[in-house]
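>>> sequence? don't have it. structure:
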């Protein structure tokens with residue numbers, strides 16, 4: 001029993017060290033800050049352009065951020081969307097045109113044609129406020145909210 005518990009403890013410590021090193025990596029911090037900004041309805045087109053143009057990130061990383069930007073801002077402005085699409089095709093090849101089209105069909109990517117929507121609240125903004133998804137005033141010495149775990153953000157599944 002003692003040997004099994006010691007082995008389990010060693011495994012847990014090893015996993016904790018791996019998680020810690022991944023969470024402290026610069027790329028993780030930058031991605032986390034970009035995701036957080038998108039959740040707060042800030043446009044992060046430059047970060048998307050940098051990820052796509054770099055060509056060194058796995059495609060699922062920028063695809064996820066591309067979809068997140070679209071969903072949280074009620075679509076991506078037409079000119080910006082076309083520029084991002086063109087960048088994807090030039091960097092990764094025309095095969096990704098079908099991937100983007102499939103994401104459009106699923107409703108995960110949307111091109112925003114109208115200009116008057118820029119000043120209006122998006123459905124995600126309304127939902128974010130109604131469910132209190134971002135709670136920046138969590139006291140670290142006495143956390144009373146689940147958002148403390150992720151520096152002020154609580155997923156919808158927790159708040160629902």
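Right, received. Where do you want to start? Here the structure is a predicted model, which is why all the values come from computation and not from measurement. Residues are numbered from 1 along each chain as shown.

>>> and residue 153, what are its phi and psi?
phi -110, psi 130 (degrees, to the nearest 10).

>>> Who are the contact partners of it?
Residue 153 sits next to 36, 39, 133, 134, 135, 147 when contact means CB atoms under 8 Å, 6 or more residues apart in numbering. For the C-beta atoms, the positions are set from N, CA and C on the backbone; glycine is no exception.

>>> One more: residue 135?
By CB under 8 Å, 6+ apart, the neighbours of residue 135 are 145, 147, 152, 153, 154.

>>> Which members of those residues are the farthest-apart pair?
Across those, the longest distance by CB to CB is 10.5 Å; it joins 145 and 153.

>>> what residues does stretch 139-147 touch?
With CB under 8 Å, 6+ apart, stretch 139-147 has contacts from 133, 134, 135, 138, 148, 153, 154, 158.

>>> any idea of the pLDDT on the nearest residue to the last one once chain neighbours are set aside?
With sequence-adjacent residues excluded and distances taken as CB to CB, 6 or more residues apart in numbering, residue 158 is closest to residue 146, at 5.3 Å. Each residue has a pLDDT score; the one for residue 146 is 79.

>>> Give me the number of neighbouring residues for residue 146.
14 (other CB atoms under 10 Å).

>>> how close does residue 97 get to residue 69?
19 Å (CB to CB, to the nearest Å).

>>> These two: who's more crowded?
For residue 97 versus residue 69, neighbours defined as other CB under 10 Å are more numerous around residue 69 (26 against 13).

>>> Using the three-state scheme, assign the more buried one.
helix (DSSP: H, G, I helix; E, B strand; the rest coil).
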